[in-house]
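Participant: Fold the following.
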Amino acid sequence: MVDDDPSVLRALTRLLSAAGFQARAFPSPAAFLQAHDPVTPGCLVLDVALPGLDGLELQQALAVSDCARPVVFITGRGDIPTSVRAMKGGAVDFLTKPVNDKNLLAAVRNAIEIDRLARETQVEMDALRQRLATLTPREREVLAQVVAGRLNKQIAADLGTVEKTIKVHRARIMAKMAVGSLADLVRIAERLGIPPAGARVPLRSLPENATS
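Facilitator: Numbers count the residues shown, from 1 in each chain. Model prediction:
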């Protein structure tokens, strides 16, 4: 948590610790950023009015650094434009001081759950990208044709080979991507953002290692 009021930091630390959370207190955004480890799970309880960077600027700095840490804002002078900016920036909640203990604990629990789910999804996506990276350029071509719903003989004709070879490629793709059905393969391709063969998609939208 980040707040420039020592009494608020002490009170929040006692409250969160009593509720079973491991709370770390920082008096300024600079102190937080110096100690921040994006790998560590959790959320950020953040005051809006702070020295140096304010809370909204710190939220933006984390977003620019690709850190999706959930933020619960607290403020002594909440206003609609500020709360709207915070929520548009991805804040989980925006609470005004004096903060109701139950509301804060509920917001923190929600933020931690959001963080947990996001990290699980990231692990899953990293595993899928690693599997995708094991495909050869030809297998990636076949994959794009398969998820487009084309038959083996159609793929063979497009790629200038024989149907038997396409069957071998398909079997290897299924094994490398660790799927047991075409439906599962299509779902994974969609999650990875792999366009079916023939789809016109800007190159920058293609996933890393998805083109040959």
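
Participant: how long is stretch 15-26 end to end?
Facilitator: 16 Å (Cα to Cα, to the nearest Å).

Participant: Mind listing what's buried along it?
Facilitator: The neighbour-count check on stretch 15-26 (16 or more other Cβ atoms under 10 Å) flags 15-16, 21, 23, 25-26 as buried. Placement of C-beta: from N, CA and C, glycine included.

Participant: Among those, pick out the one closest to Val72, please.
Facilitator: Val72 lies nearest to Leu16 out of those, by Cβ to Cβ, at 10.8 Å.

Participant: can you count the residues close to Leu143?
Facilitator: 26 (other Cβ atoms under 10 Å).

Participant: Would you mind pulling the contact partners of the host helix or strand of Arg187?
Facilitator: According to DSSP states H and E, Arg187 maps onto helix 182-192. Contacts with helix 182-192, where a contact means Cβ atoms under 8 Å, 6 or more residues apart in numbering, come from 125, 128-129, 132, 143, 146-147, 173-174, 177, 179, 196, 207, 210.

Participant: Show me these that map onto helices.
Facilitator: 125, 128-129, 132, 143, 146-147, 173-174 (DSSP state H).

Participant: And the least confident helix or strand in the chain by mean pLDDT, how far out from the chain middle?
Facilitator: Ranked by mean pLDDT, DSSP states H and E, the helix or strand of the chain with the weakest confidence is helix 80-88, at a mean of 84. Its chain's C-alpha centre and that of helix 80-88 lie 21 Å apart, by Cα atoms, centre = their mean, to the nearest Å.
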